[in-house]
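Trainee: A predicted structure for the sequence below; I have some questions about it.
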Amino acid sequence: MKDMAKDRLRILLVEDSEDDALLLRRELEKGGFAPEISRVETMDTYRAALAEGGWDAVIGDYVLPSFSGQDALKILRSQDPDLPFLIVSGVVGEEVAVETMKAGANDYVLKHNLTRLAPAVRRELKDRQSREKRRLAEQALKESEARFRGIFENSGDAVFLVGVHEDGFTYDDLNPEAERFLRLKKAEVQGRYFRDLLPEPLCSYYVSRCKETIAAERSITYDESVDLPSGPSKFSTSLVPIKDAAGKVVRIAGVCRDMTESRRAEERLREAQKLESLGLLAGGIAHDFNNLLTAILGNLGLAQDEPAESRPYLDRIEATALRASDLTRQLLAYSGRGRFVVMAHDLNLVVQEITQLLGVTIPKNTRLDFRLATDLPAVEADSAQLQQVLVNLVSNAADAIGDREGRITIATRRRFVDAADLATRFVGQNLGAGEHVVLEVSDTGCGMAPEVRDRMFDPFFTTKAKGRGLGLAAMQGILRGHHAGLQLQTEEGKGTTFQIFFPAAKEAVSAASQGHDPKQLKAGGRLLLAEDEPDVRASAIEILEHLGFEVEATPDGMDAMKAFETRPDAFRAVVLDLTMPRMGGREAAARIHALRPAVPILLCSGFSESDATDGADYLRFLRKPYLIEDLRDALADLLSD
């Protein structure tokens, strides 16, 4: 019973004297152990015992007939670096003891002072646990460092480490891809400050990004464009602050990924989806245009039958034609004619500008409601892409409602997103804290099953009988490009709500041009007109003559340019259509401007002004179709400059 309270201990004893072994047992028992001792005398039995394993410690005499304690120690250390080995001998001198300790022995005890044995064994057992933990930790650290170094050196992304100092930032390490991206060699930059390596304003840009990371106390991600030897490239860069034990940021880890091909693929995906959605719109638009043409032809017939009472019919024809013109304008804007221009927009106006187009995307059994908040901040966005997102969501909502009676609600509101929201509701999304404008599209449709929700952004995944599953995948790319966030609430049988969070712009929407009295048109003189469509050309000639001008008309830009070359001073102004055979209006305008820079030129097109003028500041623009007063006002402005 007494032994049961003692610590069990398995000892491998290298000793040729049985009497000495008994003495050792007694000392260990006195020290509180219940020792189980296995004594060996030869090299072979020693090796066999070590192979058996399970020992708590090895105790060896320094001198044996067949081999020495030094040999036993060497064999043990080749197999187990942590198992305690204690030398017990009556002949060990101080110099020999020191050499033995250097060779790896944990302690030595003289046989005439065995009272030290039990405390030495107990101490070494405790130290063994510490050594094993330390060795395992060191081994794990080495393996971790090796894995990190392998990933670091072989990553296809540019990875770099930045040192944070009171007086600036240094490059601490670069992987090969970072060397290529930064066009710097690691050996040349390690430990050196940004200011000593990078030109302005690049240095200030990277310093500001590092300071932003430290202030945020979390990782930040941003997109940047870089001119590489291979050409312009787009990168997504993430900076992660690394803190010391005291919580101070001492390093910043950066990962820069080349997104050039990915962004191009997203753009191709958006274009493919746009073509698909345009195809879906075509049927509704054709139906609307048939209704508009029916109204025009009906009123035209009434005007012809009753010439004296024709004014009301003509007014209706004009109103109907303007509706058709507005529908065409919305369709052209949605199709993306003209450049993507990111600027401050009123989200409510963006929604209102496309309401007629939204109307033709949904069936008659579905009601479209608007709940647009007032006093919204502006959003930095491309209006055509915002409208593409809206058409995608409304089209999906209509499909979810199907043949049943239903309602789609489009709402806007403002919301503040804080750090807690980012950590819980927008995990992994490219969204920052601050004021946001929310676009919400909800429906009373069938909702989504969990397996559908999980795959809704996968390209080419669709639950529709027709369609290629590109809408939401393309929308995700648009939202990423606008640093917007997404929230989705859906339940089978209870409908779906999409909420899109756009960062509020720092600048306000440019004030709409105030109404002004039209300038007085100073008519007279000869105008050069180029228009390839015969009916439009004939109508334009009559309007211009009605306004008091002489007109020389040509069917294309080539003939217009030749007429101007022949008599460059004969024309007071030039009016050109944009799209014509042989030579378009923009090219003809450039050549005419080169011949006589002071001549006023008016360019007419159904496309956007940015697409038509291509930034040429000498051109004035008039959107087709136009009313007589529109052309008069455009000429008044043109000729008064």
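Mentor: Yep, that arrived.
Trainee: how close does the closest residue to residue 174 other than its chain neighbours get to residue 171?
Mentor: Once flanking residues are discounted, residue 174 sits nearest to residue 186: 4.5 Å by Cβ to Cβ, 6 or more residues apart in numbering. All C-beta spots, glycine's among them, are computed from the backbone N, C-alpha and C. Distance, residue 186 to residue 171, by Cβ to Cβ, to the nearest Å: 8 Å.
Trainee: just residue 299 next, same as before
Mentor: Distance, residue 299 to residue 171, by Cβ to Cβ: 74 Å.
Trainee: Between the two, tell me which one has more neighbours.
Mentor: residue 171 (24 against 20; other Cβ atoms under 10 Å).
Trainee: Contacts only, for that one.
Mentor: 160-163, 184, 189-192, 194, 197 (Cβ atoms under 8 Å, 6 or more residues apart in numbering).
Trainee: what's the answer for residue 249, then?
Mentor: 164, 213-214, 217, 241-243.
Trainee: Phi and psi next, for it.
Mentor: phi -70, psi 120 (degrees, to the nearest 10).
Trainee: That one bridge partners, please.
Mentor: residue 243 (DSSP bridges).
Trainee: Do you know the pLDDT at it?
Mentor: If you check residue 249, the pLDDT there is 93.
Trainee: how close does it get to residue 346?
Mentor: From residue 249 to residue 346 the distance is 40 Å (Cβ to Cβ).
Trainee: now do residue 154
Mentor: For residue 154, the distance to residue 346 - Cβ to Cβ - is 49 Å.
Trainee: So which of those two has more stuff around it?
Mentor: Neighbours around residue 154 and residue 346, counted as other Cβ under 10 Å, are more numerous at residue 346. The numbers are 21 against 10.
Trainee: shouldn't that one be in contact with residue 374?
Mentor: No - Residue 346 is beyond contact range of residue 374, at 10.8 Å (criterion: Cβ atoms under 8 Å).
Trainee: Would you confirm that residue 447 contacts residue 489?
Mentor: No - with contact defined as Cβ under 8 Å, residue 447 does not reach residue 489; the gap is 9.4 Å.
Trainee: Could you tell me which residues touch both of these two?
Mentor: Counting by Cβ under 8 Å, 6+ apart, the residues touching both residue 447 and residue 489 are residue 496.
Trainee: Settle it for me: which of those two has more neighbours?
Mentor: Using other Cβ under 10 Å, the more surrounded residue of residue 447 and residue 489 is residue 447, with 18 against 13.
Trainee: Would you tell me what the next helix or strand after the helix or strand harbouring residue 59 is?
Mentor: Taking DSSP states H and E as the definition, residue 59 sits inside strand 57-60. Using DSSP H and E, the helix or strand that directly follows strand 57-60 along the chain is helix 69-79.
Trainee: packing partners for that next one?
Mentor: helix 43-52, strand 57-60, strand 85-89, helix 94-103 (3 or more Cβ pairs under 8 Å, 6 or more residues apart in numbering; DSSP states H and E).
Trainee: Just want the angle from the first one to helix 69-79.
Mentor: Using axes from the mean of the first three to the mean of the last three Cα atoms, to 10 degrees, the interaxial angle of helix 43-52 with respect to helix 69-79 works out to 30 degrees.
Trainee: So which elements touch helix 43-52?
Mentor: Using 3+ Cβ pairs under 8 Å, 6+ apart, helix 43-52 sits against strand 7-14, strand 33-40, helix 69-79.
Trainee: Please name the nearest non-neighbouring residue to residue 318.
Mentor: For residue 318, ignoring the flanking residues on the chain, the nearest one in space by Cβ to Cβ, 6+ apart is residue 627 at 7.6 Å.
Trainee: Now for the one you found, how many residues are close by?
Mentor: By other Cβ under 10 Å, the residues close to residue 627 number 13.
Trainee: gap between it and residue 396?
Mentor: 38 Å.
Trainee: Same question for residue 411.
Mentor: Residue 411 is 16 Å from residue 396, by Cβ to Cβ.
Trainee: Secondary structure element for the most centrally placed residue in the chain, which one?
Mentor: Nearest residue to the geometric centre of the chain (Cα atoms, centre = their mean): residue 480, 5.0 Å. Element membership for residue 480 (DSSP H and E) is helix 471-481.
Trainee: Show me what secondary structure element comes after that helix.
Mentor: Taking DSSP H and E, what comes next after helix 471-481 is strand 485-491.
Trainee: Would you mind listing the outside residues contacting that following strand?
Mentor: 417, 425-426, 429-431, 436, 447-448, 453, 476, 479, 496-501.
Trainee: one more time with 6 Å, if that's ok
Mentor: If you take Cβ atoms under 6 Å, 6 or more residues apart in numbering as the criterion, strand 485-491 is touched by 426, 429, 431, 447-448, 479, 496-501.
Trainee: swap in stretch 392-412?
Mentor: Residues contacting stretch 392-412 (Cβ under 6 Å, 6+ apart): 347-348, 358, 361-362, 365-373, 439-446, 464, 471, 475, 498.
Trainee: ends of it, how far apart?
Mentor: By Cα to Cα, to the nearest Å, the extent of stretch 392-412 from end to end equals 17 Å.
Trainee: per-residue pLDDT, the residue nearest to the centre of the chain?
Mentor: In this model, residue 480 is scored at 77, pLDDT.
Trainee: Let me know which of the helices and strands packed on helix 43-52 is tucked in deepest.
Mentor: strand 7-14 (a mean of 19; mean count of other Cβ atoms under 10 Å).
Trainee: So what's the model's average confidence on that strand?
Mentor: pLDDT averaged over strand 7-14 gives 92.
Trainee: Likewise for stretch 522-531?
Mentor: pLDDT averaged over stretch 522-531 gives 92.
Trainee: again with stretch 18-35
Mentor: Mean predicted lDDT for stretch 18-35 stands at 91.
Trainee: what comes into contact with that stretch?
Mentor: So stretch 18-35 is contacted by 3, 6-9, 11, 13, 15, 37, 39, 114, 117-118 (Cβ under 6 Å, 6+ apart).
Trainee: For it, buried residues please.
Mentor: Within stretch 18-35, the residues scored as buried using 16 or more other Cβ atoms under 10 Å are 20-21, 24-25, 27-29, 31, 33, 35.
Trainee: Adding distance to residue 560 and secondary structure as columns, could you present those in TSV?
Mentor: As requested, the buried residues of stretch 18-35 are exported to TSV (distance: Cβ to Cβ, whole Å; DSSP: H, G, I helix; E, B strand; the rest coil):
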residue	distance to residue 560	secondary structure
20	120	helix
21	119	helix
24	116	helix
25	118	helix
27	117	helix
28	114	helix
29	118	helix
31	114	coil
33	112	strand
35	113	strand
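Trainee: any chance of the residues you listed in CSV, with distance to residue 405 too?
Mentor: Shown next, in CSV, are the buried residues of stretch 18-35 (distance: Cβ to Cβ, whole Å):
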residue, distance to residue 405
20, 101
21, 98
24, 96
25, 95
27, 96
28, 91
29, 93
31, 91
33, 87
35, 89
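Trainee: Show me which of those residues is closest to residue 387.
Mentor: residue 33 (84.0 Å; Cβ to Cβ).
Trainee: The closest one and residue 122: what is the separation?
Mentor: Counting by Cβ to Cβ - residue 33 and residue 122 are separated by 8 Å.
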